[in-house]
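Chemist: need coordinates for the following:
(one chain, ligands or ions: 2)
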Amino acid sequence: MAKTGGRTLYDKIWDDHLVDTQEDGTSLIYIDRHLIHEVTSPQAFEGLRIAGRKVRKPENTLAVVDHNVPTTDRTEGIDDPESALQVKTLADNCRDFGIDYFDELDERQGIVHIIGPEQGFTLPGTTIVCGDSHTSTHGAFGALAHGIGTSEVEHVLATQTLIQSKAKNMRVVVDGEIPPGVGAKDIILGIIGEIGTAGGTGHVIEYSGEAIRALSMEGRMTVCNMSIEAGARAGMIAPDERTFDYLKGRPRAPKGAAWEMAMQYWETLYSDEDAEFDTEVRLDAANLPPLVTWGTSPQDVVSVEGRVPDPNDLEDAGKAAAVRRALDYMGLTPGTKITDIKLDRVFIGSCTNARIEDLRAVAKIVAGRHVNENVQAMIVPGSGLVKAQAEAEGLDAIFKAAGFEWREPGCSMCLAMNADKLAPGERCASTSNRNFEGRQGFKGRTHLVSPTMAAAAAIAGHFVDVREMTPGPQSIAAE
Ligand SMILES: CC(C)[C@H](C(=O)O)[C@@H](O)C(=O)O
Ligand code: SF4
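Modeler: Ligands and ions are numbered 1, 2, ... in the order given. So this is what the prediction gives:
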């Protein structure tokens, strides 16, 4: 049942896509856009084949390879037989079922959550799903976007609908002016640090407030990306001029009269003044420092000025034991200053932070400087188009001169599903979104940070407060 009073952005998009609701609330919603990648789609296509079904609307699905692909030169093919098979399977499935597919040599290829917005496939007011938890990224455009499982991928392919129950509404208001050296990544880490990884459970989060409005589309994507780490089903931000400017002229965005019609609808996409949220949280961006995770959960955040926590300070025995275990895994001593933590690796990439704005910010810090001799650092652009743009701006030259590896697009070391991995015990400053045990490689140690914090750490060989770091001596070239 549609609400009679004020409605939230989530309520509006939900109502506009509702096909049917049962008495117990189980609903069928229409899905506008479906993204697929090589990891969660093979069994879905297999299911269709077995049942003798077709894809209901192939033009509403877009496929790309990202998780398995190597980030080294791919022009001669993929050496690893397992990756090669996974990639070939997706290519074959897309050919057989008539789905548009960006292969590993296509300039439009990249991480699924980066290419959707880039192509204008991601649009305000749409429902978007993908067999991938970070589908929440697309919510930055005022879309209702969430991850689904492989059997649901099959259901969406076959019917263009999804069975869902409506989630609760949560509003996260981020006010205040974002200080220099602090960015979207710190905002979302700050939120997760505050509400915890279960804080958003059962909810769709809408991010609002002055600081969110001030963010670029790239920054908004960073925030929405990690909604899933906050436990939420999805995260979203009401579209505004910035959203429309970003989308205008993109290959799959509406054109001409269709654009005008779309705009009329998009301008209605905001939470009404009198809309009620089940849960509300506030954060003041003005007081936010650059953040670093010290443990094995995204909620284990601490200011760069802080220290590794001491489990003995905790009264709750269960919590103390969890901290002890995390510190043991991370190889950290309680009380260590964050800026004294030395790094072996730096990874700048992933669907959280591998867009052009991220790379520009990194270039500013590293231009004319050099990666510390004890650190191996890599930069993996989120897509072929991001890579081309960075190269057109000369950023790759800055990175390479500074000693960074400059790779081909893909998920890379965000998760250990391809050749890019941490060795056991290695410590990494990473711009990705998950720091679970083994996430970046068996016994690998991950500290989640913003792109500029990662860049500064690569140069220094340990964490540094990026607010105290001047732009690189050659940063004019990066302007
Ligand atoms: C492989 C895929 C299913 C997975 C996800 O759903 O998120 C991956 O993208 C991740 O980030 O862990
Ligand atoms: S970059 Fe990381 S988080 Fe994003 S889709 Fe790939 S593996 Fe998942």
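Chemist: where does the stretch 351-479 of the chain have low pLDDT?
Modeler: 476-479 (pLDDT under 70).
Chemist: show me the helices in it, by range?
Modeler: For the stretch 351-479 of the chain, the helices defined by DSSP state H, counting those that start in this stretch cover 356-366, 384-392, 395-401, 451-460.
Chemist: which residues sit against the third one?
Modeler: With C-beta atoms under 8 Å, 6 or more residues apart in numbering as the contact definition, helix 395-401 has outside contacts at 359-360, 362-363, 366-368, 379, 387, 390, 406, 472, 474, 477-478. Bear in mind the C-beta positions are built from the backbone N, C-alpha and C, glycine included.
Chemist: dump the C-alpha coordinates for it into PDB.
Modeler: Presented in PDB, the C-alpha positions along helix 395-401 are these (Å, rounded to 0.1, in the frame of the first residue of the first chain):
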ATOM      1  CA  LEU A 395      48.200  11.700 -14.400                       C
ATOM      2  CA  ASP A 396      49.700   8.300 -15.400                       C
ATOM      3  CA  ALA A 397      53.100  10.000 -16.000                       C
ATOM      4  CA  ILE A 398      53.000  11.600 -12.600                       C
ATOM      5  CA  PHE A 399      52.100   8.200 -11.000                       C
ATOM      6  CA  LYS A 400      54.800   6.300 -12.900                       C
ATOM      7  CA  ALA A 401      57.500   8.900 -12.200                       C
END
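Chemist: name the nearest residue to the residue in the chain that ligand 1 sits nearest to, sequence neighbours excluded.
Modeler: In the chain, the residue that lies nearest ligand 1 is Ser133 (3.5 Å; C-beta to the nearest ligand atom). Leaving aside its chain neighbours, Ser133 sits nearest to Gly147 (4.1 Å; criterion: C-beta to C-beta, 6 or more residues apart in numbering).
Chemist: quick one, phi psi at the one you found?
Modeler: When read as degrees, to the nearest 10, the backbone of Gly147 gives phi -80, psi 150.
Chemist: my read is Val156 is in a strand, agree?
Modeler: No - secondary structure assignment (DSSP: H, G, I helix; E, B strand; the rest coil) places Val156 in helix, not in a strand.
Chemist: what's the pLDDT at the residue nearest to Ser133?
Modeler: Listed pLDDT for Gly147 reads 98.
Chemist: contacts only, for it.
Modeler: Gly147 makes contacts with 129-136, 228, as judged by C-beta under 8 Å, 6+ apart.
Chemist: what about stretch 398-409, start to end distance?
Modeler: 18 Å (C-alpha to C-alpha, to the nearest Å).
Chemist: up against ligand 2, what does this structure have?
Modeler: Contact residues, the chain versus ligand 2 (C-beta under 6 Å from any ligand atom): 66-67, 111, 113, 132, 134, 350-351, 411, 414-415, 432-433.
Chemist: out of the residues you listed, who has the most neighbours?
Modeler: Among these, the one with the most neighbours (other C-beta atoms under 10 Å) is His113, at 33 neighbours.
Chemist: and it, what helix or strand is that in?
Modeler: If you go by DSSP states H and E, His113 is part of helix 112-119.
Chemist: picking up where we left off before, if any of the contacts of helix 395-401 are buried, put those into a PyMOL selection.
Modeler: Those of these that count as buried under 16 or more other C-beta atoms under 10 Å are selected in PyMOL with:
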select buried, resi 359+360+362+363+366+367+379+387+390+406+472+474+477+478
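Chemist: which residues of the chain lie near ligand 1?
Modeler: The interface of the chain toward ligand 1, taken as C-beta under 6 Å from any ligand atom, is made up of 39-40, 67, 132-134, 147, 415.
Chemist: in strands, which of those residues fall?
Modeler: Gly147 (DSSP state E).
Chemist: looking at the residues of the chain next to ligand 1, spot the one nearest Glu23.
Modeler: Nearest to Glu23 out of the residues of the chain next to ligand 1 is Gly147 (C-beta to C-beta; 27.0 Å).
Chemist: how close does that closest one sit to Ala232?
Modeler: 11 Å (C-beta to C-beta, to the nearest Å).
Chemist: which residues are in contact with each of these two?
Modeler: Ser136.
Chemist: residue contacts, the closest residue to ligand 2 within the stretch 251-400 of the chain?
Modeler: Per C-beta to the nearest ligand atom, Cys351 is where the stretch 251-400 of the chain lies closest to ligand 2, at 3.3 Å. Residues counted as contacts of Cys351 (C-beta under 8 Å, 6+ apart) are 111-114, 134, 137, 225, 382, 411, 414, 433.
Chemist: try it again with 6 Å
Modeler: 111, 113-114, 134, 137, 225 (C-beta atoms under 6 Å, 6 or more residues apart in numbering).
Chemist: what's the closest non-adjacent residue to it?
Modeler: Cys351's closest residue in space is His113 (C-beta to C-beta, 6+ apart), at 4.0 Å.
Chemist: could I get the pLDDT score of that neighbour?
Modeler: 98.
Chemist: next one: the one 4 residues further on
Modeler: Listed pLDDT for Pro117 reads 98.
Chemist: against ligand 2, how distant is it?
Modeler: 13 Å (C-beta to the nearest ligand atom, to the nearest Å).
Chemist: Ile338 versus that residue, what's the distance?
Modeler: 33 Å.
Chemist: show me which of these two is the more surrounded one.
Modeler: Per other C-beta under 10 Å, whichever of Pro117 and Ile338 has more neighbours is Pro117, with 25 against 22.
Chemist: show me the contacts for that one.
Modeler: With contact set as C-beta under 6 Å, 6+ apart, Pro117 has no partners.
Chemist: next: Gln43.
Modeler: Thr150.
Chemist: please apply the same query to Ile148.
Modeler: By C-beta under 6 Å, 6+ apart, the neighbours of Ile148 are 129, 131.
Chemist: pull the contacting residues for Ile338.
Modeler: So Ile338 contacts 292, 304, 306, 463 (C-beta under 6 Å, 6+ apart).
Chemist: and the residue of the chain closest to ligand 1, how many neighbours?
Modeler: A count of nearby residues for Ser133, using other C-beta under 10 Å, gives 15.
Chemist: for Gly235, same thing?
Modeler: Residues near Gly235, counting by other C-beta under 10 Å: 30.
Chemist: Met330 now?
Modeler: Applying other C-beta under 10 Å, I find that Met330 has 21 neighbouring residues.
Chemist: which residue packs closest to it, ignoring adjacent ones?
Modeler: Nearest to Met330 is Arg445, by C-beta to C-beta, 6+ apart, at 5.1 Å.
Chemist: okay, now that neighbour: neighbour count?
Modeler: The burial count for Arg445: 26, using other C-beta under 10 Å.
Chemist: same check, this time on Thr21
Modeler: 16.
Chemist: name the nearest residue to it, ignoring sequence neighbours.
Modeler: Among residues not flanking Thr21 along the chain, Ser27 sits closest, at 4.4 Å (C-beta to C-beta, 6+ apart).
Chemist: got it, and Ala460?
Modeler: Asn372 (6.2 Å).
Chemist: shouldn't that neighbour be in contact with Val464?
Modeler: No - counting by C-beta atoms under 6 Å, Asn372 stays clear of Val464, with 10.7 Å between them.
Chemist: quickly find the element holding Val323.
Modeler: Going by DSSP H and E, Val323 is part of helix 317-330.
Chemist: and for that helix, what's in contact with it?
Modeler: Helix 317-330 has contacts (C-beta under 6 Å, 6+ apart) with 295-296, 309, 311, 314, 437, 445.
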